[in-house]
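# Requesting a structural model of the entry that follows:
(chains A and B)
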There are 2 protein chains.
Amino acid sequence: MLENITGAKLKKMTLKELIALCEEAREVITQTVLKNGGHLSSNLGMVELTVALHYVFDFPEDKLVFDVGHQCYTHKLLTGRYDKFDTIRQKNGISGFPKREESPYDCYDTGHAGTSVSAALGIAKARDIKGENFNVIAVIGDGSFNNGLIYEAFNSLRLLNTNFLLILNDNGMSIAPTVGSMHEYLEILSEDIAHKSKVDRHAKIFERFGFGYDGVYDGNDLEVMINKLTEVKERIKTESVILHIITKKGKGYAFCEEDPEATHGISKGNPSAVSTEYSQVLGNTLTRLAEKNDKIVAVTAAMTSSLGLSEFFEKYPNRSVDVGICEEHATILCASMAAEGLKPYYAVYSTFLQRSFDEIVLDICEQNLPVTLCVDRAGISGADGETHQGVFDLSFLSLIPNLTIAVPKDLNEFEKMLEFSEGFNAPLAIRYPREGKKLFGSCQKIEKGKWETLVEGDGKYAILACGERVLTQAFIAAEELKNDGIEVTVINARFVKPLDTEMLDGLKEKFILTVEDNMLTGGFGSLVNGYFNGKDKVIKNFAYADEFIPQGSVAELMSERGVNGKDIADYIKSNENR
Amino acid sequence: MLENITGAKLKKMTLKELIALCEEAREVITQTVLKNGGHLSSNLGMVELTVALHYVFDFPEDKLVFDVGHQCYTHKLLTGRYDKFDTIRQKNGISGFPKREESPYDCYDTGHAGTSVSAALGIAKARDIKGENFNVIAVIGDGSFNNGLIYEAFNSLRLLNTNFLLILNDNGMSIAPTVGSMHEYLEILSEDIAHKSKVDRHAKIFERFGFGYDGVYDGNDLEVMINKLTEVKERIKTESVILHIITKKGKGYAFCEEDPEATHGISKGNPSAVSTEYSQVLGNTLTRLAEKNDKIVAVTAAMTSSLGLSEFFEKYPNRSVDVGICEEHATILCASMAAEGLKPYYAVYSTFLQRSFDEIVLDICEQNLPVTLCVDRAGISGADGETHQGVFDLSFLSLIPNLTIAVPKDLNEFEKMLEFSEGFNAPLAIRYPREGKKLFGSCQKIEKGKWETLVEGDGKYAILACGERVLTQAFIAAEELKNDGIEVTVINARFVKPLDTEMLDGLKEKFILTVEDNMLTGGFGSLVNGYFNGKDKVIKNFAYADEFIPQGSVAELMSERGVNGKDIADYIKSNENR
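Sure thing, here's the model as predicted:
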């Protein structure tokens, strides 16, 4: 029935047909995600809510904003994207997140947590200013509900004097189980809803901010949801309402229901892959170091296991904190614990580190405190697309004074860098991708700002590469050039900041090429250019151009942006022939 | 009595002596701030609370964290800095904010809003981990209390399982009067406290998060404060407590009590200077444009008047929003209103824009929405020091795809740029300093990415300068060089992004010098270097080195960092003589 479904057709369906539609959607989502990778359990929990929303409201005239957006798959199936659904998260396919460019039914792009309430308020306020008349609905999970943005948006509800519907989809999980006082509070409210006791008895917090409140205990019961939404649709004509619904993450797929954390995000063909190579090294090494060093603490924001830190958290519960999706708070916690003499490690995905920019500048670096940022999933991250690429961190981190930035050449060197970090008494960021290898048996002793020459070439070219991915490309180039009789030097630029100025000075006679898995603007190459400020020096930077990078595989995205061995080799060859 | 005051001496004083001490502190603060500039009314309101804290607690063993930190003057007077107090906010003098480097009594540096609760929690947690035993106190104003960080920290209170005291200093103001639902809620609580009704009747929100709650209506009554703090000191042995005290901003200085907004921050010798030249142009121009264009909306985060937007807000109440100190929320509101076809302007100080980094990347730029960021107080801001310099924005903004960055050469061009922005259908940032002049009678038509040649020199040098301050220095250099017979070209690089590549291509034969009021790393010069990536081109960048910039006057700070006409001229001369 999903094929050629429209809002008009859906509204004419019987309840029985709608339930069958839900089952079909669940089946399509499961099969597609197991094939393409993507968000599984979060989407399975959302099927009935989404169908009910489309039954009761009129999209795209009414506006639907998804928080984070990873739970929009049913919405996509219902809005003309069934045909292309098997391309989801593939290069040139449809996105796994809402995209305005993709469909008029996607009214606001999301990707990071907590933005939906602000966005829904802005859309509702714009509607009022324009004198128009439509409904605005935001759907948020209880994990995102921990984020500070929610509070900022709540605080301005009366100020903006506008009405919208906020659906709080409560499954007790973000990626990991939701933590914190708000979660405990939501559990109290759930109990009320479950026992059909007067639901507004405990809901005073929301009322203080100006919301009406209502709840649904079985958010996966389509009939109940349709009735409730119909009722609430009337109510939001005169006030904003929080509709708190309890759903089951992974609903309908036993594997997900049993382990919704492992199945939140699925990699292609491997539903249980949670931690990855670099994150495993992080977890193992930190756990080992913490045994002898009782100053070490680990802080995460709602993704402990995918960062490789489950064992650390189990072993040292008193020295580990998962604050939920509160990246800014996590950063300050680390800074203040460091101010008191502890040795905090904040592990986070590159894309989510963006949220802490101001706190990295002021709390960590202005105070010059020994916090180590473990920046995972750095560089192109792949199938999640524009909102999740980790290609900005070298740029937004390198502009911050007092911060040292390290990039390991492989898993072994990452371990050595973590050992180095233990005695390093200043702010440090170590950035690394998801997947990793043990490329090299050993590495030279890690010293701040000291690079390592991996291949000493006789020729005039020196390739400076930071990180495993681009070093691999540098080696491919070197190998190819060797066949042409061109011997290039390959340097492991394992500190992006500070630069190894001694080594750079030694390269005065060489033509320097920089390679990085990051934007050209403000990144590693840009720092090398800046070092030769005022000097007569030709440098060629291989990095990503100034545009958002869509979804695709890491290899294809890097390659088509010229950050690959072949392009480097071709450049050098053409330069030779000039 | 302030001279040679110590904690031990203070603790032995009678109430009468302590009251006299308060008066002395008030007098010293008033006289000093009127001379040096600084935060006046906020500090006057804090005198009794600070003396009471020092009477009841034992610093520096106990730890005191100030939110934002601008209200720490009495604390500085009481902790060995009376002698140096007249150097506050002066070059090489003591800071107007807490600084760990300055004193062991300053345990955590602050500068931006909302960080204190997280920092106090981190310090308390570190204490517990280390098995130590001291008290942790955070003092926060009701203005900062709007910030989302507060909520993130509250959410983790039970999780962290630690105790501290949070003093909510409620004077109903941030810089401007506090707004929003939390403020309304605090007013209800104040009523309870005033009428000595059961204060916990309405305080359920704080209890939900795990706090005990108590209140003091006259936070400027020293005796009451001492008694209450003594009582609460016992209580925080077993639980975290919010002590909500009502104080009078500007207490004891009639001028401040009458107009606490104008006297929140005082410029040297001019207590009523609120809006400045560039902000006036912003206000006047936007107000004029909005008359004919009903799509224009203005958004601010708690500093409408200092941004020059008071008139706009009065004239268009339905199209203006001050969300309180919620910079991230403000940014998303703009993005979402733009998604609905409005034309939002978000006016903000450069330093506070840092908080919105992730939202500028994803909400505004990834969606390519026509929001205009009016980035005020950009470049060196002066006396507030490290935490408030606006020297990072060209770097953290220029790395974001889809964003156009404009920098006006003077007040007239700023007006033209705002007119240009009205028809510009993509993300735009315009950055400008506090003070401005009408240097030039006119400017060439503003076109995206098109620069303007102001002086056509015959010689081999071209100075590219962005913004009034550095263009002024470029002219000083050009003038001086003329005397030596060297004619330089001076170009108004009014778009930092995109660069005027046509003009750059035309400068192939020239030696290019870039000048900017921003960090070298990732800034304007860095973009120009990047443009000549792979080409044989010598470029000299004048910009700030990689370090935090302390307090001082704008002129002296720029000058000693080599961003001035003389250094530019000297460089060119020495290059000539090579």
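# what's the single longest helix in chain A?
Using DSSP state H to define each element, chain A has its longest helix at helix A:15-36.
# Not counting the helix or strand encompassing residue A:234 itself, show me its contacts.
Assigned by DSSP states H and E, residue A:234 belongs to helix A:222-235. For helix A:222-235, the external contacting residues (CB atoms under 8 Å, 6 or more residues apart in numbering or on different chains) are A:15, A:18-19, A:22, A:48-49, A:51-53, A:55-57, A:135, A:165, A:212, A:214, A:216, A:218-219, A:241, A:243, A:245. The C-beta positions use only the backbone N, C-alpha and C, and glycine is treated the same way.
# Could you report the distance from residue A:9 to residue B:503?
Distance, residue A:9 to residue B:503, using CB to CB, to the nearest Å: 57 Å.
# which parts of the stretch 401-550 of chain A sit against chain B?
A:401-402, A:519-522, A:525-527, A:529-530, A:533-536, A:538-541, A:546-548 (CB under 8 Å from any CB of the partner chain).
# go with 6 Å
Contact residues (CB under 6 Å from any CB of the partner chain) of the stretch 401-550 of chain A with chain B: A:401, A:519-522, A:526, A:529-530, A:533-534, A:536, A:538, A:540-541, A:546-548.
# out of those, which are buried?
A:401, A:519-522, A:526, A:529-530, A:533, A:540-541, A:546, A:548 (16 or more other CB atoms under 10 Å in any protein chain shown).
# Confidence-wise, which of these comes last?
The pLDDT minimum for these sits at residue A:533, where the score is 91.
# That one belongs to a helix?
No - checked against DSSP: H, G, I helix; E, B strand; the rest coil, residue A:533 lies outside a helix; its state is coil.
# Nearest spatial neighbour of it, chain-adjacent residues omitted?
residue B:541 (4.9 Å; CB to CB, 6 or more residues apart in numbering or on different chains).
# list the contacts for the one you found?
A:533, B:514, B:520, B:525 (CB atoms under 6 Å, 6 or more residues apart in numbering or on different chains).
# can you redo the residues you listed as TSV with distance to residue B:499 and secondary structure?
Shown next, in TSV, are these (distance: CB to CB, whole Å; DSSP: H, G, I helix; E, B strand; the rest coil):
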residue	distance to residue B:499	secondary structure
A:533	17	coil
B:514	10	strand
B:520	17	coil
B:525	11	helix
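# What's the per-residue pLDDT of the nearest residue to residue A:286 once chain neighbours are set aside here?
Excluding the flanking residues, the one nearest residue A:286 by CB to CB, 6+ apart is residue A:312, at 5.4 Å. Listed pLDDT for residue A:312 reads 98.
# Next: residue A:258.
Reported pLDDT for residue A:258: 77.
# and what of residue A:269?
pLDDT, read off for residue A:269, is 47.
# Same question for residue A:174.
64.
# Just say helix, strand or coil for the closest residue to residue A:562 other than its chain neighbours.
Nearest non-adjacent residue to residue A:562, counting by CB to CB, 6+ apart: residue A:542, 6.2 Å away. Three-state call for residue A:542 (three-state DSSP): strand.
# Make sure residue A:542 is actually in contact with residue A:561.
No - using CB atoms under 6 Å, residue A:542 is not in contact with residue A:561, being 8.8 Å away.
# who has more neighbours, the two?
A direct count of neighbours by other CB atoms under 10 Å in any protein chain shown for residue A:542 and residue A:561 places residue A:542 higher, at 28 against 19.
# partners of that one in the sheet?
residue A:515 (DSSP bridges).
# how close does residue A:339 get to residue A:363?
Taking CB to CB, one finds residue A:339 at 9 Å from residue A:363.
# now do residue A:33
From residue A:33 to residue A:363 the distance is 38 Å (CB to CB).
# These two: which is more packed in?
More neighbours surround residue A:363 than the other of residue A:33 and residue A:363, with 31 against 26 (other CB under 10 Å).
# And residue A:330, which helix or strand is it part of?
Going by DSSP H and E, residue A:330 is part of helix A:327-339.
# What separation is there between residue A:50 and residue A:262?
Taken as CB to CB, the span from residue A:50 to residue A:262 is 23 Å.
# between these two, who's got more neighbours?
Shown here are residue A:50 and residue A:262; by other CB under 10 Å, residue A:50 has more neighbours (25 against 20).
# hang on, that one packs against residue A:75?
Yes - contact criterion CB under 6 Å: residue A:50 and residue A:75 qualify, at 5.2 Å.
# does residue A:64 count as helix, strand or coil?
strand.
# Now do the contacts for it.
residue A:137.
# Residue A:389 too?
Contacts of residue A:389 by CB under 6 Å, 6+ apart are A:380, A:381, A:549.
# which one is it nearest to, not counting chain neighbours?
residue A:549 (4.8 Å).
# circling back to that earlier point, tell me the two of the buried ones among the residues of the stretch 401-550 of chain A next to chain B that are most distant?
Comparing all pairs in those by CB to CB, the longest separation belongs to A:533 and A:548, at 29.1 Å.
# Quick check: the closest residue to residue A:552 other than its chain neighbours vs residue B:107, distance?
Nearest residue to residue A:552, sequence neighbours excluded (CB to CB, 6+ apart): residue A:91, at 3.8 Å. Look at residue A:91 and residue B:107: by CB to CB, they are 51 Å apart.
# Show me which of those two is the more surrounded one.
Between residue A:91 and residue B:107, residue B:107 has the larger neighbour count (other CB under 10 Å), namely 22 against 15.
# so what's the nearest residue to the more buried one once chain neighbours are set aside scoring on pLDDT?
Residue nearest to residue B:107 in three dimensions, not counting chain neighbours: residue B:63, with 4.5 Å by CB to CB, 6+ apart. The model reports residue B:63 with a pLDDT of 98.
# With residue A:24 instead?
97.
# Next: residue A:272.
pLDDT, residue A:272: 41.
# and what of residue A:575?
92.
# do residue A:321 as well
97.
# So residue A:32 versus residue A:43, what's the distance?
10 Å.
# Looking at the two now, which is surrounded by more residues?
Neighbour tally, residue A:32 and residue A:43, criterion other CB under 10 Å: the higher count belongs to residue A:43, 30 against 20.
# just to revisit the earlier point, with the contacts of residue B:541 in mind, which one is nearest to residue B:465?
Out of the contacts of residue B:541, the member with the shortest distance to residue B:465 (by CB to CB) is residue B:514, at 7.6 Å.
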